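>>> Can you look at this prediction? I've put the sequence above it.
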Protein chains: 2
Amino acid sequence: MQATASAHRLHLFSPFTPAAFTPRGSAARRRNAAAPATVRMALREDGPSLAVVGVTGAVGQEFLRVLSDRDFPYRSLRLLASRRSAGRRIEFEGRGYVVEELQEESFDGVDVALFSAGGSVSREMGPAAVERGTVVVDNSSAFRMDPGVPLVIPEVNPDAMAHIRLAGRAKGALIANPNCSTIICLMAATPLHRHAKVVRMVVSTYQAASGAGAAAMEELEKQTREVLDGKQPTCEIFKQQYAFNLFSHNAPVLSNGYNEEEMKLVKETRKIWNDMDVKVTATCIRVPVMRAHAESVNLQFEKPLDEETARQILKGAAGVIVLDDRASNHFPTPLEVSNKDHVAVGRIRQDLSQEGNLGLDVFVCGDQIRKGAALNAVQIAEMLL
Amino acid sequence: MQATASAHRLHLFSPFTPAAFTPRGSAARRRNAAAPATVRMALREDGPSLAVVGVTGAVGQEFLRVLSDRDFPYRSLRLLASRRSAGRRIEFEGRGYVVEELQEESFDGVDVALFSAGGSVSREMGPAAVERGTVVVDNSSAFRMDPGVPLVIPEVNPDAMAHIRLAGRAKGALIANPNCSTIICLMAATPLHRHAKVVRMVVSTYQAASGAGAAAMEELEKQTREVLDGKQPTCEIFKQQYAFNLFSHNAPVLSNGYNEEEMKLVKETRKIWNDMDVKVTATCIRVPVMRAHAESVNLQFEKPLDEETARQILKGAAGVIVLDDRASNHFPTPLEVSNKDHVAVGRIRQDLSQEGNLGLDVFVCGDQIRKGAALNAVQIAEMLL
């Protein structure tokens, strides 16, 4: 990764050099990098053979970083992308790899494939990989609502994929990674849901550029420079100014007035919680932030839940940290969770607009590329080992 | 104003040169400026004598712009500020004024004073002005919840100030301008409330830098340049990085876990609607946007209200425009309402999480300095004429 990281250092806001963008994250990153320095145990004969599909994208690159950070074991590694990116060289854990063009044959002998190359690539190549015995962890929306495909957040519903095993040479399987907004919201809401049953949830999101890919992050940076220089901003990825502005999420709007991003929160929550009755509404907004989402979540419970109990539940929840210091006004921010694995929760308070202890407001932040995408997918893959 | 505008043109993001910051607003601004070019009728003998308190601040400057834009009649004008700013020269409608130090005697002979110099100045000088016969329109929070002081949005509850007249030389009166978030929210919610009675409202805000004053806007600009240059951001107004980040509103957090900004939405809504039963919860967040707030508002009604009726009601509402084009994904943005008088509403849709037609989600944007502060205050003053 060293060579790749240096090569990318020129691009200030590149998703591949988060350190330059997040001064606090930067120190943490150096510590992370220093810890497992001496021996790399990840490349070993008893590991599965891995493939990363869409390796040149923002999430694809993060797949590699997370695999390395977590010492994910692998016997072999294939880096796959579209023809356009084929031939590029990528260094990973001290070895050089050449990006190969994605084809059905790419999956011959591959045990686990992490996909993040968009819905159409997943629809075309996912089933082909499964036919060849590969277990596909898919980050696109292609199969999320397919009743035969588990939709998994490891901390929330690991049982949904309990029947899936690495196949050897038999038929593989598909496992879907939920949408980033859903993952980040449910990391906080699920521990409370288990305790007091959420009956209704009103979510407003503050979504980062990264959800629209590396090019959107670059556009936000470019536009910001242009606006600061008094120039017209370049609008290519988004059709309107993003710098110092915000707008309703760019996903298509459906006939019910919700956009697709919002309906993912509505539908994926039901599937992940296996609760067709939970009521969810969402308003999804893009804000000029690079790589971590924030969400304002209003919860209505079936059973009473006071705020101190809620805080203790969240403090004990896997993958969650509580940042809720009222005296110093220290609560979660996107910057503070950038390049971090955990989802941060704060502003935990009894909802004044609901009777008794039947409502809470919380504010949640999580790294969109990491827990919202790559990390969650790698955690799913780890459960297969 | 011409000289003032040129002098400020150096500061790209100054609240005084919004045009440089808002490319779309820029053309509109030129049109606005061109229209009333020939004769200024605002300075005339039958107008009230005016004072502007806190004239060097962001809202103070906007008071002047709004007074001029609306040809507010005045017999004389006093520009008042702290000792620090006294002596500064300001051009207004072709005349030169010297900023005077604010003192109790400043209000001798003043019919109407527009205050925006913070709560402590209002608490000290507001009653002194009233004693001298001045009607004070106060933009601070000092008197908003005082039962004897009307809290007014002219489009919403003009009757609350119907008993107040320009006093001549008798005792004056106080009228409070609501908080910016409340004004912008209620401009959209009130027309619907009149039709179907809002019983509960869940608000999440996306608040601009301007609410924390001109210095906060400058800090956001400065920090953004620093972060783009790979430097540590200067944190003086806010204790944490604001550029490419967002955070829970900087107002102090109370023992119930809500911050003061959120409680303003809760309490001011009750007072303005004269409805002690309406349930409101709010989560207030600062986003890296310059001068217009956005709010995601979830509404629960007593009586059914379908989304098409709601859209028609909002289209007919004073001071509101509807931007709700689902096909082209064109909805309100802070940039689009910057330097505009109206509040824009969009994303109007039946709330999937509520039964029948008893719930709606809407997304609202309004210029924090203009309708959120200066314009609303000047409209209040106009009702005195």
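Right, received. Where do you want to start? Nothing here was measured: the structure is a model prediction, and the numbers come from that model.
>>> Can you give the domain ranges for chain A?
Using automatic domain parsing, the domains assigned to chain A come out as A:40-176, A:181-208+A:246-368.
>>> can you list those domains in CSV and add mean pLDDT and distance to chain B?
Heads up, the C-betas are built off the backbone N, CA and C, glycines and all. As requested, these are arranged in CSV below (pLDDT from 0 to 100; distance: least, C-beta to the nearest C-beta, whole Å):
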stretch, mean pLDDT, distance to chain B
domain A:40-176, 95, 16
domain A:181-208+A:246-368, 98, 3
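>>> Just say which of the ones you listed is most tucked in.
domain A:181-208+A:246-368 (a mean of 22; mean count of other C-beta atoms under 10 Å in any protein chain shown).
>>> can you give me the end-to-end distance of it?
By C-alpha to C-alpha, to the nearest Å, the extent of domain A:181-208+A:246-368 from end to end equals 8 Å.
>>> what does stretch A:315-330 give?
First residue to last in stretch A:315-330 (C-alpha to C-alpha) measures 16 Å.
>>> outside of it, which residues touch it?
The contact list for stretch A:315-330 (C-beta atoms under 8 Å, 6 or more residues apart in numbering or on different chains) reads A:155, A:187-188, A:190-191, A:311, A:314, A:331-332, A:336, A:341-348, A:371, B:239, B:248, B:250, B:252-253, B:257, B:259.
>>> Filter the residues you listed down to the ones in helices?
Counted as lying in helices by DSSP state H, out of these, are A:187-188, A:190-191, A:311, A:314, A:336.
>>> so where do the strands sit in the stretch 151-300 of chain A?
Assignment of strands within the stretch 151-300 of chain A using DSSP state E, counting those that start in this stretch yields the ranges A:173-176, A:198-207, A:247-248, A:279-286, A:292-301.
>>> in its sheet, what does the shortest one sit against?
What that stands for is strand A:247-248. Listed by DSSP bridges, the sheet partners of strand A:247-248 and their directions read strand A:279-286 (antiparallel).
>>> what angle separates the partner strand from strand B:292-301?
Following axes from the mean of the first three to the mean of the last three C-alpha atoms, to 10 degrees, one obtains 170 degrees for the angle between strand A:279-286 and strand B:292-301.
>>> Just the angle for strand A:279-286 relative to strand A:198-207, thanks.
Angle, strand A:279-286 to strand A:198-207, by the same axes, to 10 degrees: 10 degrees.
>>> Compute the distance from the centre of strand A:279-286 to the centre of its chain.
17 Å (C-alpha atoms, centre = their mean, to the nearest Å).
>>> Stretch A:237-247 now?
Going by C-alpha atoms, centre = their mean, where stretch A:237-247 is centred and where its chain is centred differ by 22 Å.
>>> ok, residue A:359 touching residue A:298?
Yes. Using C-beta atoms under 8 Å as the test, residue A:359 is close enough to residue A:298 to be in contact (7.1 Å).
>>> Mind listing the shared neighbours of these two?
Both residue A:359 and residue A:298 are in contact with A:351, B:281, where contact means C-beta under 8 Å, 6+ apart.
>>> Quick one: residues contacting the closest residue to residue A:281 other than its chain neighbours.
Taking C-beta to C-beta, 6 or more residues apart in numbering or on different chains, and ignoring the residues beside it in sequence, residue A:281 has residue B:353 as its nearest neighbour in space, at 4.0 Å. Applying C-beta under 8 Å, 6+ apart, we find residue B:353 in contact with A:200-202, A:279-281, B:359.
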